[in-house]
Structures are given as C-alpha cells and as structure tokens.
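1. one predicted model, sequence on top.
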Amino acid sequence: MLPNSRAPRGALQAPPGPLTDYPVTVRVEDIDHMGHVNNAVYLQWVQSAVVRHWERIADAEAVARHLWVALKHEITYRSPAFLTDTIVATTGIERAAGAKAQFQTLIRRGDHLLAEVNSLWCCIDHQSHRPVRLPKPTLARFVASA
C-alpha cells in the first residue's frame, strides 16, 4: 500500500522502488453529468503520473530515447472526486521485465483513497516506435529488485 492512504480490503501493496507524487488539478471539463469527475479522466491522470515518474527517475538519455505506451489498465474506483478537490496520484513500478513494466497508481484526496490503478506499459524506442528492453542500470533506478 502506498504511503498516506487507508488500507481498504484488497488494497495494493507499495511498489519496491521509488514513488512519485503527481498533483492533479480537477478542471470544470472533467466533471460529468453526475457532478463528479468522469471515470475516463482518471486514465489521463494515470498517464500523466507515469510519464512524470519516468522523467523524474530515468536519466536524461533514457528519457530522450524511450517512450511508454499503455497496454492495459485495471481500475478500482473507491470514491468520486469533485471540482474543488485537491488530488494526488502516487505512482511507482511494481515490477519490470524486458520491455514491459507494471505501474501502480493510487489516486487520493488527502488520506481518502479514490481509486487504485494497476497498469501494464510497454517501453518503445522514440524513433522506431518498436518495443525495447530497458538496460539493467535504468531498471535498477525504478525497481529495487531489478
């Protein structure tokens, strides 16, 4: 479980590597007909958090040479988010092998867990857009056990 979040039944455990907090600004256009943030917006937050995590942890050469594309997202919504909420998406890599990495993101309003997201991403070469294995030194920056 990531820091500063409640532990609901079935909650995810903390990834072994470093974490990145990504502050989220809820925009008027994020609000749906039910008066809360539309579920699809959470995926935009996850994508931004994963990219920010990569840019923060990877060295400049790796960031310039590689991109990440999402392959799969599994979201458990726990509570709605609203326009005036202060939200943080905390993300880290659960595990990585070859060209793929399992990212984990918790979306919180203070200590209140709004959503848990497990997502599978593929690292691709910036120019060819083909999957590429990350070198062990790069992986080691993200996952303590890499």
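-> Nice, I can see it. Numbering: from 1, shown residues only.

2. can you name the next helix or strand after the helix ranked longest in the chain?
-> Using DSSP state H, we find that the single longest helix of the chain is helix 39-57. Later in the chain than helix 39-57, the nearest helix or strand by DSSP states H and E is helix 60-65.

3. list the contacts of that following helix.
-> 54, 55, 125, 126, 134, 138 (Cβ atoms under 8 Å, 6 or more residues apart in numbering). Using the backbone N, CA and C atoms, a C-beta is placed for each residue, glycine as well.

4. just flag the most distant two among these.
-> Taking Cβ to Cβ as the measure, the contacts of helix 60-65 span a maximum distance of 16.9 Å, between 55 and 125.

5. between the contacts of helix 60-65, which is nearest residue 103?
-> residue 54 (9.3 Å).

6. that closest one: neighbour count?
-> 23 (other Cβ atoms under 10 Å).

7. could you point out which element follows the longest strand seen in the chain?
-> Using DSSP state E, we find that the single longest strand of the chain is strand 112-125. Moving toward the C-terminus from strand 112-125, the next helix or strand (DSSP H and E) is helix 136-142.

8. got the contact list for that next one?
-> For helix 136-142, using Cβ under 8 Å, 6+ apart, the contacting residues are 17, 18, 57, 58, 59, 62, 92, 93, 96, 101, 146.

9. and for stretch 115-128?
-> So stretch 115-128 is in contact with 11-12, 42, 46, 50, 64-79, 94, 99-107, 130-134, going by Cβ under 8 Å, 6+ apart.

10. which pLDDT value belongs to the residue with the largest distance to the centre of the chain?
-> Among the C-alpha atoms of the chain, the one farthest from their average position, using Cα atoms, centre = their mean, is that of residue 33, at 26.1 Å. Note on residue 33: pLDDT of 96.

11. same question for residue 18.
-> 87.

12. ok, it touching residue 91?
-> No: between residue 18 and residue 91 there is no contact under Cβ atoms under 8 Å: 10.0 Å.

13. give me the more crowded residue out of those two.
-> Legend: neighbour count by other Cβ under 10 Å for residue 18 and residue 91, higher for residue 91 (26 against 14).
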